[in-house]
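In: Compute the structure for the input listed below.
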Amino acid sequence: MRITTANSFATAVDNLQQRQQDLQLAQDRLTSGKRVARASDDPAAAARIHPNDPQRIQRALEIHALSGQTMTELLAAGQTAGLAYRLLKLVRAPADRTILHARIEQRFRAMLELGLVGEVESLWNRGDLTPDLPSMRCVGYRQVLSYLLGEYGEDEMRYRAVVATRQLAKRQMTWLRAEASCRWLADDDAALDEALRAIGAARSFP
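Out: Residues are numbered from 1 along each chain as shown. Prediction:
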């Protein structure tokens, strides 16, 4: 017996087209300057998300359009359900900032050697992307795209990408330090053994 029939396929296509229309409506609302659709759709999110934060506004609109539920409803459901297992938060990061900065620079250099510029150029040449899209504004892509568009040279692109990555890492470290119950691991060869011991202790705890 065929699982996929002509009728079910047509229904799936109709559903996909409706989803696309919903997302287009969400995009229209976003670009028109409205916040999370209408405040009546999700008043909690509308009050929480700043009007100058288009990425979070877009995310809230997409969640509502695709799931039929508001972001607030989904978050509340997740908090109510809880987790069926214990969380163990392990963080490994260099204590010396100069080491972190050196690794960031080394990583970006490796990305360039592996073809980052060609990757961004290939995506841009598709013709359906714009510089303001979240995917093109991420660290690394944003600087390479500006370089490809002639806004600055290769050396400036490398510098800006490394600086932007350092700033991102700083924000991540700030967030991790504020996260409750994190266990920080030494940045050395013993980190794996320490992590395994922590996991073993957590598993044996009743």
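
In: Can you show me the strands along the protein?
Out: Residue ranges of the strands in the chain, as given by DSSP state E, are 89-92, 182-185.

In: could you say what helices and strands the last one packs with?
Out: Spelled out, it's strand 182-185. Here strand 182-185 touches strand 89-92, helix 191-204, going by 3 or more C-beta pairs under 8 Å, 6 or more residues apart in numbering; DSSP states H and E. Using the backbone N, CA and C atoms, a C-beta is placed for each residue, glycine as well.

In: Tell me how many other residues crowd the nearest residue to Arg103 once chain neighbours are set aside.
Out: Spatially, and ignoring its direct neighbours in sequence, Arg103 is nearest to Pro94 (7.3 Å; C-beta to C-beta, 6 or more residues apart in numbering). As a burial measure, Pro94 scores 15 neighbours (other C-beta atoms under 10 Å).

In: Check what pLDDT Pro94 gets.
Out: At Pro94, the model reports a pLDDT of 89.

In: Could you measure from it over to Leu100?
Out: 5 Å (C-beta to C-beta, to the nearest Å).

In: before we move on, the earlier item: just name the most buried of the strands of the chain.
Out: strand 182-185 (a mean of 14; mean count of other C-beta atoms under 10 Å).

In: who does that one pair up with?
Out: According to DSSP bridges, strand 182-185 forms sheet pairs with strand 89-92 (parallel).

In: hang on, the residue nearest to Arg103 packs against Asp188?
Out: No: contact criterion C-beta atoms under 8 Å: Pro94 and Asp188 do not qualify, at 9.7 Å.

In: if we can go back for a sec, and the residue nearest to Arg103, what does it touch?
Out: Residues near Pro94 by C-beta atoms under 8 Å, 6 or more residues apart in numbering: Leu100, Arg103, Asp187.

In: Identify the residues contacting the first one.
Out: Contacts for Leu100 were tallied using C-beta under 8 Å, 6+ apart; they are Ala93, Pro94, Arg166, Ala169.

In: now, which of the residues you listed sits nearest Gln69?
Out: Nearest to Gln69, judged by C-beta to C-beta, of the contacts of Leu100 is Ala169 at 34.0 Å.

In: That closest one: neighbouring residues, count only.
Out: Here the number of neighbours of Ala169 (other C-beta under 10 Å) works out to 17.

In: What pLDDT does the model give it?
Out: Here, the pLDDT recorded for Ala169 equals 94.

In: Could you chop the chain up by domain?
Out: Structurally, the chain divides into domains by automatic domain parsing as follows: 6-81, 89-204.

In: What are the boundaries of the helices in the protein?
Out: 6-31, 43-48, 54-67, 71-81, 97-113, 116-124, 134-137, 141-148, 154-178, 191-204 (DSSP state H).
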